[in-house]
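>>> Any chance you could fold what I've pasted below:
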Amino acid sequence: MSHNKSPLISIIIVNYNNAKFLKKSLNSAINQTYKLKEIIVVDDISSDRSVEILKSYKSKIKYFVNKKKTKYGSYNQINSYYKGFQKSKGKYIFFLDSDDYFVKNKVKCVINKFNEKSSKSVLFDLPIIKTKKKLIKNDFVQKKFYLSNWPRFTPQSCITVERNYAMKIFKTIKFKKFPTIWFDFRIATLYFLNFGNIVIFRKYLTYYRQLENSASKNFKIFSINWWRRRKEAHNFYSYLSKKLKIKNRLTLDKIITSIINFFI
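Presented below is the predicted three-dimensional model:
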């Protein structure tokens with residue numbers, strides 16, 4: 001790939017009290033084989049050693065603070081990514097949570113994939129799930145849409161967005177409603193409503209940590225919290241459909257979720 005023809009890309013890293021993993025995340029962005037890049041880190045007012053670490057990288061990154069703190073981690077994450085986006089200049093935006101990290105040639109692979117067909121606006125690559133004991137590469141099988149309203153998608157750090165579409169994303173889904181609905185779900189739902197499918201790039205390019213203290217641990221499958229969040233996800237889908245003037249579908253999943261939430 002000729003760097004004279006390669007676009008500038010932006011890797012936006014959002015961090016909150018992830019000093020333990022931050023260096024790994026930063027180094028994975030800095031050491032990409034693709035050279036024409038900027039790395040922007042937005043910190044959510046961390047209270048650990050994160051700021052000290054970020055200052056030690058000041059010659060290689062741009063570092064900002066998200067001062068729009070709320071009591072909801074989902075809103076803070078979206079606000080931080082938006083702040084990073086506002087400071088960025090790249091044609092393509094790579095999102096990276098600071099406890100995750102990229103394989104060394106991720107950016108090059110993703111840019112090559114975007115170049116295959118210019119109409120793509122978002123790519124979801126596949127995660128290498130990292131637990132305390134092992135690495136897992138799960139197969140990706142898409143849902144049957146007559147059963148569910150939204151598509152299956154991959155985590156936040158697996159998402160790359162073309163700049164013009166990123167502007168549309170923030171304009172459309174950056175609102176303070178549905179606090180259990182995080183940024184990756186919002187992106188995937190919007191893209192699905194806009195285009196009727198999502199583009200999965202079937203390469204494992206992102207290490208995704210499953211931590212014991214992650215927000216998802218509060219939503220064990222089929223628990224009360226899980227069913228309540230699922231109802232909120234359906235409400236988000238309906239709200240966004242109405243906002244986009246797209247007909248909302250009634251699915252078996254939505255009916256079952258409503259019935260169970262009536263009794264819990």
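>>> Give me the pLDDT value at Q86.
According to the prediction, Q86 has pLDDT 98.
>>> For stretch 129-144, buried residues please.
Within stretch 129-144, the residues that qualify as buried by neighbour count (16 or more other CB atoms under 10 Å) are 129-130. C-beta here means a position set from N, CA and C on the backbone, and glycine is covered the same way.
>>> Can you tell me what sits against that stretch?
Under the contact criterion CB atoms under 8 Å, 6 or more residues apart in numbering, stretch 129-144 has outside partners 126, 128, 151-152, 154, 200, 202, 204, 207-210.
>>> CA atoms of that stretch as CSV?
The C-alpha atoms that make up stretch 129-144 are tabulated as CSV, following Å, rounded to 0.1, in the frame of the first residue of the first chain:
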residue,chain,number,x,y,z
ILE,A,129,-11.9,-12.9,23.5
LYS,A,130,-9.3,-12.7,26.3
THR,A,131,-10.1,-14.1,29.7
LYS,A,132,-7.8,-14.7,32.6
LYS,A,133,-7.0,-18.2,31.4
LYS,A,134,-7.4,-18.4,27.6
LEU,A,135,-8.0,-16.8,24.2
ILE,A,136,-11.2,-17.6,22.4
LYS,A,137,-12.2,-17.2,18.8
ASN,A,138,-15.9,-17.9,18.5
ASP,A,139,-17.6,-18.5,15.2
PHE,A,140,-20.0,-15.6,14.2
VAL,A,141,-23.5,-16.6,13.1
GLN,A,142,-26.0,-13.9,12.3
LYS,A,143,-29.5,-14.0,13.9
LYS,A,144,-32.7,-14.8,12.1
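>>> So what's the gap between that stretch and the chain middle?
Stretch 129-144 sits 16 Å away from the centroid of its parent chain (CA atoms, centre = their mean, to the nearest Å).
>>> Then stretch 8-23?
That offset, for stretch 8-23, works out to 13 Å (CA atoms, centre = their mean).
>>> Start and end of that stretch, how far apart?
The first and last residues of stretch 8-23 sit 23 Å apart, counting by CA to CA, to the nearest Å.
>>> Equivalent analysis for stretch 121-135, please.
One end of stretch 121-135 to the other measures 29 Å (CA to CA).
>>> Check the offset of that stretch from the chain's centre.
Using CA atoms, centre = their mean, the mean C-alpha position of stretch 121-135 is found 12 Å from that of the whole chain.
>>> swap in stretch 187-197?
Relative to its chain's centre, stretch 187-197 lies at 14 Å (CA atoms, centre = their mean).
>>> For this protein, just list every one of the helices.
Residue ranges of the helices in the chain, as given by DSSP state H, are 19-30, 50-56, 73-87, 106-116, 163-173, 183-195, 224-244, 252-263.
>>> right, and those - which one's nearest V122?
Closest to V122 of the helices of the chain is helix 183-195 (CB to CB; 5.1 Å).
>>> can you give me the angle that closest one makes with helix 163-173?
Using axes from the mean of the first three to the mean of the last three CA atoms, to 10 degrees, one finds that helix 183-195 and helix 163-173 are set 100 degrees apart in direction.
>>> can you put the contacts of stretch 129-144 in TSV and add distance to S56, pLDDT and neighbour count?
Compiled in TSV, those are given as follows (distance: CB to CB, whole Å; pLDDT from 0 to 100; neighbours: other CB atoms under 10 Å):
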residue	distance to S56	pLDDT	neighbour count
L126	32	98	20
I128	27	98	19
P151	40	90	17
R152	39	94	13
T154	31	97	21
I200	36	93	17
R202	37	95	10
Y204	30	98	19
Y207	22	98	20
Y208	25	97	20
R209	22	95	22
Q210	28	88	15
